[in-house]
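*Asks:* coords below, sequence missing:
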């Protein structure tokens with residue numbers, strides 16, 4: 001049986017019904033250690049079974065969205081992972097804020113309850129490519145010794161796919177480079193390697209040293225996709241642009257900019273960087289349309305994690321908190337002529353992306369107790385999240401409710417997101 005741990009004083013809860021307050025005693029909120037390193041011995045107070053993923057509030061339901069997308073046996077995949085992009089900055093007031101994302105969304109399914117399970121790039125990319133939570137704590141979330149053999153590119157390569165990975169950022173900022181390079185990529189290039197290939201001088205890179213120009217990245221990706229399209233095998237590529245990223249000065253001005261005043265605030269610079277990436281997405285999308293990619297392919301756009309601009313006290317950049325601006329990210333599945341466009345409300349996170357893509361392309365893998373095909377009616381009804389900078393925060397999203405547990409203080413915050421998306425007050 002699963003042990004519910006009543007370790008948090010009721011006085012620490014924001015007022016809510018007893019049923020919803022049970023979120024704060026969910027076993028996930030007592031994962032021992034909660035580090036991104038090797039698992040610690042199992043906490044004797046936590047069952048060895050996976051925690052229940054059934055909705056506690058009764059509102060975290062799933063529906064069958066599989067008929068929204070035509071089957072794609074052995075289909076090609078382009079997965080774009082936007083840096084530091086929270087959903088609220090690209091989709092607001094019921095519409096997409098940037099023109100190329102908007103026209104793609106006219107042919108796509110938007111997953112509007114989708115999250116990154118972690119607040120920084122390395123664990124987020126781990127979740128995307130491995131289909132596993134980036135907090136190994138108990139046996140049911142540990143990673144096998146031969147970790148890369150269970151990755152999405154390796155599973156697809158074993159089914160005859162050619163796989164490419166391209167990012168304008170640099171692996172030297174990732175502490176698990178060996179894992180990512182050990183996956184079965186035919187081509188795997190980061191910003192440092194692309195800079196050497198294209199003879200990009202240091203002064204033409206991001207002044208902060210984080211990445212190269214995303215225009216160079218996208219040109220290289222388009223050339224690779226053009227070559228693969230002429231081959232007689234399926235293929236998949238991951239495209240990982242480097243902006244937006246603090247301090248938000250790289251490509252924060254120019255003809256693409258939304259804000260053109262002389263003095264820009266950090267969030268205006270960030271908006272302008274997003275606008276620059278949107279231009280690059282448009283170039284990629286146009287290339288895919290010209291090559292009839294969507295007859296046998298699917299494009300997905302998501303964010304690795306979010307970004308904060310002081311919406312909550314002391315919450316800036318990323319990695320420190322588990323609020324919506326930190327962890328709720330876009331996911332758009334695009335296939336013109338082969339989707340019924342609109343939203344899908346099924347809950348999920350990056351850990352579900354591999355299963356979704358494998359199922360969509362006719363390469364299903366066995367389901368697990370904590371991951372699912374995002375389009376399927378059965379699977380987890382709650383989403384588990386974490387943030388580990390400064391101190392560990394763990395969170396559970398259950399329908400409209402989110403509970404964040406602050407491990408350092410032992411306190412919890414409960415919010416009702418449909419009524420209070422800014423997470424500023426107790427639910428009624």
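*Replies:* Everything's here; your move. Only a predicted model underlies this, so the values are computations on that prediction, with no experimental measurement involved. Residues are numbered from 1 along each chain as shown.
*Asks:* got the buried residues for the helix or strand hosting residue 274?
*Replies:* Using DSSP states H and E, residue 274 falls within helix 266-290. For helix 266-290, burial by neighbour count (16 or more other C-beta atoms under 10 Å) applies to 266, 268-282, 284-285, 287-288. Glycine gets a C-beta too; all of them are placed from N, C-alpha and C.
*Asks:* quick one: the strands in the stretch 1-150 of the chain?
*Replies:* All strands of the stretch 1-150 of the chain, identified by DSSP state E, counting those that start in this stretch, fall at 76-82, 91-92, 95-96, 108-111, 114-115.
*Asks:* who wins for proximity to residue 130 among the ones you listed?
*Replies:* Distances from residue 130 to each of the strands of the stretch 1-150 of the chain were compared using C-beta to C-beta; the shortest belongs to strand 76-82, at 13.8 Å.
*Asks:* what pLDDT, on average, does stretch 231-241 get?
*Replies:* Along stretch 231-241, the predicted confidence averages to a pLDDT of 96.
*Asks:* Buried ones in that stretch, by neighbour count?
*Replies:* By neighbour count, and taking 16+ other C-beta under 10 Å as the criterion, the buried residues in stretch 231-241 are 234, 235, 236, 237, 238, 239, 240, 241.
*Asks:* now the third one, nearest residue through space, not along the chain?
*Replies:* So that's residue 236. Counting by C-beta to C-beta, 6 or more residues apart in numbering, residue 236 lies nearest to residue 77, which is 4.0 Å off, once chain neighbours are set aside.
*Asks:* Check the buried residues of stretch 231-241 against residue 363 and report the nearest one.
*Replies:* Set against residue 363, the nearest of the buried residues of stretch 231-241 by C-beta to C-beta is residue 234 (9.4 Å).
*Asks:* The closest one: what's it in contact with?
*Replies:* Contacts for residue 234 were tallied using C-beta atoms under 8 Å, 6 or more residues apart in numbering; they are 74, 75, 76, 156, 159, 160, 161, 162, 361.
*Asks:* will you turn those into a markdown table that also has distance to residue 184?
*Replies:* Conversion of those to a markdown table gives the following (distance: C-beta to C-beta, whole Å):
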| residue | distance to residue 184 |
| --- | --- |
| 74 | 16 |
| 75 | 18 |
| 76 | 16 |
| 156 | 8 |
| 159 | 11 |
| 160 | 11 |
| 161 | 9 |
| 162 | 10 |
| 361 | 16 |
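*Asks:* can you redo these as CSV with pLDDT, distance to residue 68 and neighbour count?
*Replies:* Output for the contacts of residue 234, formatted as CSV (pLDDT from 0 to 100; distance: C-beta to C-beta, whole Å; neighbours: other C-beta atoms under 10 Å):
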residue, pLDDT, distance to residue 68, neighbour count
74, 89, 20, 14
75, 94, 15, 23
76, 96, 19, 24
156, 94, 23, 24
159, 92, 24, 13
160, 94, 27, 11
161, 96, 24, 25
162, 97, 28, 21
361, 91, 16, 23
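*Asks:* Filter those residues down to just the ones in helices.
*Replies:* Assigned to helices by DSSP state H, the following of those qualify: residue 156.
*Asks:* what distance separates the helix or strand just after the helix holding residue 274 from the centre of its chain?
*Replies:* Stepping forward along the backbone from helix 266-290, the first helix or strand reached (DSSP H and E) is strand 297-303. The gap between where strand 297-303 is centred and where its chain is centred comes out at 11 Å by C-alpha atoms, centre = their mean, to the nearest Å.
*Asks:* For strand 297-303, which helices and strands make contact with it?
*Replies:* Where contact means 3 or more C-beta pairs under 8 Å, 6 or more residues apart in numbering; DSSP states H and E, strand 297-303 is packed against strand 76-82, helix 99-105, helix 266-290, strand 331-334, helix 353-360.
*Asks:* In this structure residue 114 contacts residue 302, no?
*Replies:* Yes: with contacts counted by C-beta atoms under 8 Å, residue 114 reaches residue 302, the gap being 7.4 Å.
*Asks:* what's the overlap in contacts for these two?
*Replies:* Counting by C-beta under 8 Å, 6+ apart, the shared contacts of residue 114 and residue 302 are 329, 330, 331.
*Asks:* quick one: buried residues of stretch 62-73?
*Replies:* Judged by neighbour count using 16+ other C-beta under 10 Å, the buried positions of stretch 62-73 are 62, 65, 68, 69, 72.
*Asks:* which of those lies closest to residue 404?
*Replies:* For the buried residues of stretch 62-73, the minimum distance to residue 404 (C-beta to C-beta) is 22.9 Å, reached by residue 62.
*Asks:* Identify the residues contacting the nearest residue to the closest one once chain neighbours are set aside.
*Replies:* Spatial nearest neighbour of residue 62, excluding adjacent residues (C-beta to C-beta, 6+ apart): residue 346 at 4.8 Å. Going by C-beta under 8 Å, 6+ apart, residue 346 touches 62, 63, 65, 111, 113, 374, 375, 376, 379.
*Asks:* Appreciated, that's everything.
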